[in-house]
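1. How does the following fold in three dimensions:
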Amino acid sequence: MAFQYVPKDTYLDKMNPLVKLAYVGTALIFALLIDEITDLSIVFLWILVGAAWWMAGRVELRSLGFLLSLMKWMVLFLMIVQGLTYRLGDQTVILQLFDYPVPGTGTNYGQLTIGGVMFGFLVSTRIIAVVTVLPIFTMTTSMSRLNAALAKIRVPQKMIFMLVTAMRFVPLVQESWQAIIDAQKIRAFDIEKANFYQKLRRAYVPIVTPLLLLMFRKAMDLEVAINARAFGAKKERTYIEDIGFKGVDYAGFAAVFLIFFGMLYLLFYQSEPIALFMYQWILVGWNAFVYVIQLLQIDVLLQTFNSFLLDIPYLGIYFGFFDQNLLLGYGGVFGLVILLFVIYKLAGR
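-> As a prediction, this is how the structure comes out:
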């Protein structure tokens with residue numbers, strides 16, 4: 001699971017938890033400083049560095065399935081919502097999903113704009129920049145070591161308890177969720193076979209209700225347990241492990257701050273050249289993709305979608321990747337998405 005410690009013999013597991021906590025803190029600061037579309041190239045570099053940390057900690061991708069699925073829908077949701085509501089930047093209309101004009105302003109909140117979609121993507125990448133760091137901390141750090149490390153630097157015991165309890169409850173909720181789903185499957189109720197509308201209307205009720213009741217019961221059991229152990233007593237606590245700083249910890253701190261300040265330098269002084277370099281390689285891949293589409297003569301189908309179904313004129317392919325028409329206009333892109341979805345469904349059968 002994405003937020004549960006998995007014991008392994010790696011340098012990250014042996015490292016002081018405060019080093020990994022510092023990495024999470026720098027990720028939060030870095031995400032707050034991202035405010036331009038050209039900064040996306042630096043965010044991708046940050047994510048690549050995070051992937052290197054993943055490999056160092058042997059974090060398994062399959063254990064992050066729930067998190068990746070959640071992020072997928074989050075990105076889609078933010079791009080649609082911001083595309084409809086954000087009214088700065090490029091106001092070129094991609095699609096008009098519905099008609100909701102604001103009187104006296106000339107704004108129509110039913111129109112999906114390029115500036116809004118790109119801003120939604122920017123917000124998503126800021127969240128992803130932090131989320132990619134969290135498994136490095138949670139999946140390579142035992143709660144007992146984290147507790148001892150925070151106590152070592154005189155963090156109040158109640159604050160430590162709140163943090164550790166919250167981190168332990170996340171995998172507990174995931175386990176309980178899956179257990180309830182399995183129990184409902186035995187009773188011939190399979191949520192995976194329900195469509196999106198059915199899930200929203202009635203499928204989640206038999207799962208969310210027992211989950212909430214179970215969490216309330218766990219919280220009450222926890223309250224009884226900590227009171228029985230005299231939680232909050234003034235006497236200083238002792239710990240099995242003595243968490244100190246070793247050579248690997250100092251090296252870890254050096255790596256964290258070197259990465260952080262290096263990324264800040266690129267963000268403030270080199271974001272546009274790096275963005276241009278990545279843009280050129282993306283453009284090469286895009287042109288190759290366009291060539292394959294034209295070679296297979298799929299462009300005729302896309303042009304039909306563009307001109308007749310969505311009534312957006314076809315102007316041809318321009319050199320720029322973010323040209324207003326992309327491949328054959330946004331209607332063509334919409335048609336291509338539908339085509340790929342149909343192929344995916346047919347292949348699944």
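2. Which residues in the top helix by length along the chain does the neighbour count mark as buried?
-> Secondary structure of the chain read by DSSP state H shows that its longest helix is helix 157-186. Buried residues in helix 157-186, counted by 16 or more other Cβ atoms under 10 Å: 160, 163, 167, 169, 172, 174, 176-177, 180-181, 184. C-betas here are computed from N, CA, C, even on glycine.
3. Next: stretch 37-50.
-> Result for stretch 37-50 [16+ other Cβ under 10 Å]: buried residues 37, 39-46, 49-50.
4. Residue 108 is in contact with residue 85, isn't it?
-> No: Residue 108 is not in contact with residue 85 according to Cβ atoms under 8 Å; the separation is 11.1 Å.
5. which of those two has more neighbours?
-> Neighbours per residue (other Cβ atoms under 10 Å) separate residue 108 from residue 85, with residue 108 holding more: 16 against 13.
6. ok, the residue nearest to the more buried one when sequence neighbours are not counted - contacts?
-> Nearest residue to residue 108, sequence neighbours excluded (Cβ to Cβ, 6 or more residues apart in numbering): residue 101, at 4.6 Å. By Cβ atoms under 8 Å, 6 or more residues apart in numbering, residue 101 lies in contact with 107-110.
7. Quickly note the distance from the residue nearest to residue 99 when sequence neighbours are not counted to residue 90.
-> Computed as Cβ to Cβ, 6+ apart, the closest residue to residue 99 that is not its neighbour in sequence is residue 110, at 5.0 Å. From residue 110 across to residue 90, the span is 18 Å (Cβ to Cβ, to the nearest Å).
8. can you check residue 127 too?
-> 22 Å.
9. Likewise for residue 217?
-> Note on residue 217: its distance to residue 90, by Cβ to Cβ, is 52 Å.
10. more crowded one of the two?
-> Counted by other Cβ under 10 Å, residue 217 and residue 90 do not tie: residue 90 has more neighbours, with 15 against 10.
11. per-residue confidence at the nearest residue to residue 114 once chain neighbours are set aside?
-> Closest residue to residue 114 apart from its sequence neighbours, by Cβ to Cβ, 6+ apart: residue 90 at 4.2 Å. Residue 90 carries a pLDDT value of 70.
12. Would you agree residue 90 is in contact with residue 119?
-> No: Residue 90 lies out of contact with residue 119 (Cβ under 8 Å); the separation is 9.9 Å.
13. re earlier: got TSV for the buried residues of stretch 37-50, with distance to residue 226 and secondary structure too?
-> Shown next, in TSV, are the buried residues of stretch 37-50 (distance: Cβ to Cβ, whole Å; DSSP: H, G, I helix; E, B strand; the rest coil):
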residue	distance to residue 226	secondary structure
37	48	helix
39	44	helix
40	45	helix
41	48	helix
42	44	helix
43	41	helix
44	44	helix
45	44	helix
46	39	helix
49	39	helix
50	35	helix
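14. Closest one of these to residue 222?
-> Checking these against residue 222 by Cβ to Cβ gives residue 50 as the nearest, at 32.5 Å.
15. What's the per-residue pLDDT of the nearest residue to the closest one once chain neighbours are set aside here?
-> Leaving out its chain neighbours, the residue that sits closest to residue 50 by Cβ to Cβ, 6+ apart is residue 132, at 4.1 Å. Residue 132 carries a pLDDT score of 83 in this model.
16. Kindly report the same for the one 4 residues further on.
-> The score at residue 136 is 84. That number is its pLDDT.
17. Surely it is in a strand?
-> No: judged by DSSP: H, G, I helix; E, B strand; the rest coil, residue 136 forms no part of a strand; its state is helix.
18. What distance do you get for it to residue 59?
-> Taken as Cβ to Cβ, the span from residue 136 to residue 59 is 7 Å.
19. avg pLDDT for whichever strand or helix holds residue 29?
-> Assigned by DSSP states H and E, residue 29 belongs to helix 17-32. Average pLDDT, helix 17-32: 90.
20. And that helix, what does it pack against?
-> Using 3 or more Cβ pairs under 8 Å, 6 or more residues apart in numbering; DSSP states H and E, the elements in contact with helix 17-32 are helix 40-56, helix 114-131, helix 134-138, helix 143-152, helix 247-269.
21. so how far is the fourth one off the chain centroid?
-> Meaning helix 143-152. 27 Å (Cα atoms, centre = their mean, to the nearest Å).
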